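In: Provided below for reference: sequence and predicted model.
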Amino acid sequence: MSLQERDKKHLWHPLTQHKLHPDHLAITKAKEALLFDEQGNEYIDGIASWYTCMYGHCNDYITSKVAEQMQQLDHVVFAGFTHEPAIKLSEALIDILPKNQEKVFFSDNGSTSVDVAIKMALQYHFNNGEKRGKIIALEDGFHGDTFGAMSVSGLSVYNGPFEEFFIDVARIPVPTKDNFESVKQQLVEILKTEKVAAFIYEPLVQGAAAMKMYDADLLDELLDIVKEYGALAIADEVMTGFGKTGKHFASEHLTNQPDIICLAKSLTGGLVPMAITSCSEKIYNAFLSDDIAKGFFHGHTYSANPIACTAALAGIELLRSEDIQANIQTIIEAHKTFDVHIKKHPKVARTRQLGVIYALDLDIEMERYGNLRNKLFKFFMDNGVCLRPLGNTIYILAPFVITKKQLDKVYNTIEKALDSL
Ligand SMILES: *Cc1c(COP(=O)(O)O)cnc(C)c1O
């Protein structure tokens, strides 16, 4: 039996209605920007396996560092103990994070990094003697699938069974030049009438909302208002972090810096799961007390796993390397050239780019996971390119190590797909 057949017996896949989608492609190998299936077909990973393996699959530098670490220390409880990989990672991360970030707190995935951020924000005010229970979030935002993260996600298409158990959230539209005055008014109204703990946002690019982009100066103004009312700013950089927007973090495009930042996806270069919630000294200090209950009583068994920390540290070294920084610039320029060309295609409604993130909307209405979208996905895979359209948006977020030839193949395949519509 093929892996694909054996898969059906016991496995339950994420985000899947198995009755409608029983088949899952078995991938047996991955290297750099390529995935290989059990038939030996290869695919260019045009979305870096959900924006994780940005330095390429099975990156030699990361795997060699991790192999060394595996001989030295596998895991140790992080409550009451510490170790060099976590210390080195904290130093490397604070060195590249926005200037006001001082402390890092570990968890396991993007959703937990958001839950940690929300709990930090709620307890920050609680410890300061203020009960603030409301979180403001952007419409169409996505922050993960655990309860806290799911609650603040506006993009909750399939959340029906859970909605009555959500934490208290108010939503404002994503700011545009046209709606900005109204969005500001809505924000001020909520801040004035409700006890707001924090505002959570994906800075500049909303990944799951099909790479929806919005302007830094608009977000900056919203953050001015949020800060004026004493609410905290939580930047969910789970998708945007680590070079994808052309800077190490999307928040660097702004003047206002967040109080709290969520990181996951490419933190370990896609090798193992790990997440970090970083915060400023001000947040951390609100938990320092002779009263034990004012501490942050949140912890995951695998917090700061040394293997994952080692992968993350190697990833940051790669991110800062001349090679990767040059690759990022090459991809940015290549996308710009492709954009000039593909924009003229009659099936393209609009395009957008920030750093290595590129998206185009088709001039056709499509359901998020409807038939036409599935047809398009199949077309890409049949042509050896792994791109997962979201509704009528086709986006590229390839590993930084993708070659010029592979990138050209991605572009050509998109154009062929448009021609086939
Ligand atoms: C993917 C994502 C999450 C959730 O991360 P998981 O590791 O899937 O739990 C949260 N926020 C953003 C912006 C994301 O893109």
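Out: Looks like it came in fine.
In: For this structure, give the residue positioned nearest to the ligand.
Out: Per C-beta to the nearest ligand atom, Gly110 is where the chain lies closest to the ligand, at 2.0 Å. For every residue, glycine as well, the C-beta is placed using N, CA and C.
In: residues in contact with that residue?
Out: His143, Gly144, Ala149, Asp236, Val238, Met239, Cys262, Ala264, Lys265, Ala275 (C-beta atoms under 8 Å, 6 or more residues apart in numbering).
In: Quick check: pLDDT value at the third one.
Out: It refers to Ala149. Looking at Ala149, its pLDDT is 97.
In: Pretty sure it sits against His143.
Out: Yes. Counting by C-beta atoms under 8 Å, Ala149 does reach His143; the two are 4.4 Å apart.
In: what about the two, which has more around it?
Out: His143 (30 against 26; other C-beta atoms under 10 Å).
In: residues in contact with Leu191?
Out: The neighbours of Leu191, taking C-beta under 8 Å, 6+ apart as the test, are Ile136, Ile225, Val226, Tyr229, Ala231.
In: ok, now with 6 Å
Out: Tyr229 (C-beta atoms under 6 Å, 6 or more residues apart in numbering).
In: again with the one 5 residues further on
Out: Contact partners of Val196, counting by C-beta under 6 Å, 6+ apart, are Lys134, Ile136, Ala231.
In: which of the residues you listed lies closest to Leu15?
Out: Top of the list for closeness to Leu15, among the contacts of Val196 and by C-beta to C-beta, is Ile136 at 26.3 Å.
In: Pretty sure the closest one sits against Ala170.
Out: Yes. Using C-beta atoms under 6 Å, Ile136 makes contact with Ala170 at a distance of 5.2 Å.
In: picking up where we left off before, turn the contacts of Gly110 into JSON lines, columns for secondary structure and distance to the ligand.
Out: As requested, the contacts of Gly110 are exported to JSON lines (DSSP: H, G, I helix; E, B strand; the rest coil; distance: C-beta to the nearest ligand atom, whole Å):
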{"residue": "His143", "secondary structure": "coil", "distance to the ligand": "5"}
{"residue": "Gly144", "secondary structure": "coil", "distance to the ligand": "3"}
{"residue": "Ala149", "secondary structure": "helix", "distance to the ligand": "6"}
{"residue": "Asp236", "secondary structure": "strand", "distance to the ligand": "5"}
{"residue": "Val238", "secondary structure": "coil", "distance to the ligand": "4"}
{"residue": "Met239", "secondary structure": "coil", "distance to the ligand": "3"}
{"residue": "Cys262", "secondary structure": "strand", "distance to the ligand": "7"}
{"residue": "Ala264", "secondary structure": "coil", "distance to the ligand": "5"}
{"residue": "Lys265", "secondary structure": "helix", "distance to the ligand": "6"}
{"residue": "Ala275", "secondary structure": "strand", "distance to the ligand": "7"}
